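Asker: Next come a sequence and a model predicted from it.
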Amino acid sequence: MKSYTITVNGVAYDVTVEEGTGNAAAPAAAPKAAPKAAPKAAAKPVAAAAGAIEVKASVPGKVFKVEASVGQTVKAGDAIVVLEAMKMEIPVVAPQDGVVAGINVAVGDTVENGDVLASMN
């Protein structure tokens, strides 16, 4: 038997493989998950005021830059947050004219598709 440590998507698994003879595949032992790191603490919102209009992430990624600030007047198409995904900078823009009511993320935060990044009135 041989033991290996295999990492898949950042999670380490210890596996043991039986060496077999012939053409039949030897059954492998069920993977045993290595101890996981403690989950990342949720980031505190910069200013989480609720606005009527939600500005959501269109892709999963990391917050690269926060362009707007709370209380700032923006026009439709103005960048509110810039996400980094697949080594590209993707601006998340205001869907309409309004005032930024809250910014729910900080630079370095990881976001998923559909997460609310900011709100507007």
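Answerer: Received the coordinates, thanks.
Asker: Go through stretch 101-109 and flag the buried ones.
Answerer: Within stretch 101-109, the residues that count as buried by 16 or more other CB atoms under 10 Å are 101-105, 109. (Each C-beta comes from the backbone N, C-alpha and C, glycine too.)
Asker: how about the residues you listed in CSV, adding distance to residue 58, secondary structure and pLDDT?
Answerer: Output for the buried residues of stretch 101-109, formatted as CSV (distance: CB to CB, whole Å; DSSP: H, G, I helix; E, B strand; the rest coil; pLDDT from 0 to 100):
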residue, distance to residue 58, secondary structure, pLDDT
101, 20, strand, 93
102, 19, strand, 93
103, 17, strand, 94
104, 15, coil, 94
105, 14, coil, 94
109, 16, coil, 94
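Asker: Distance to residue 13 added to those residues, as JSON lines?
Answerer: Compiled in JSON lines, the buried residues of stretch 101-109 are given as follows (distance: CB to CB, whole Å):
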{"residue": "101", "distance to residue 13": "45"}
{"residue": "102", "distance to residue 13": "41"}
{"residue": "103", "distance to residue 13": "38"}
{"residue": "104", "distance to residue 13": "35"}
{"residue": "105", "distance to residue 13": "32"}
{"residue": "109", "distance to residue 13": "28"}
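Asker: Which of those residues sits closest to residue 84?
Answerer: Closest approach between those and residue 84, by CB to CB: residue 109, at 11.0 Å.
Asker: re earlier: list just the nearest of the buried residues of stretch 101-109 to residue 68.
Answerer: For these, the minimum distance to residue 68 (CB to CB) is 7.1 Å, reached by residue 103.
Asker: mind checking how far that closest one is from residue 89?
Answerer: Counting by CB to CB, to the nearest Å, the gap from residue 103 to residue 89 is 18 Å.
Asker: Over to residue 10?
Answerer: Separation of residue 10 from residue 89 (CB to CB) stands at 24 Å.
Asker: Please say which of those two ends up with more neighbours.
Answerer: residue 89 (12 against 7; other CB atoms under 10 Å).
Asker: Give me the pLDDT value at that one.
Answerer: Predicted confidence (pLDDT) at residue 89: the value is 94.
Asker: Repeat that for residue 36.
Answerer: 56.
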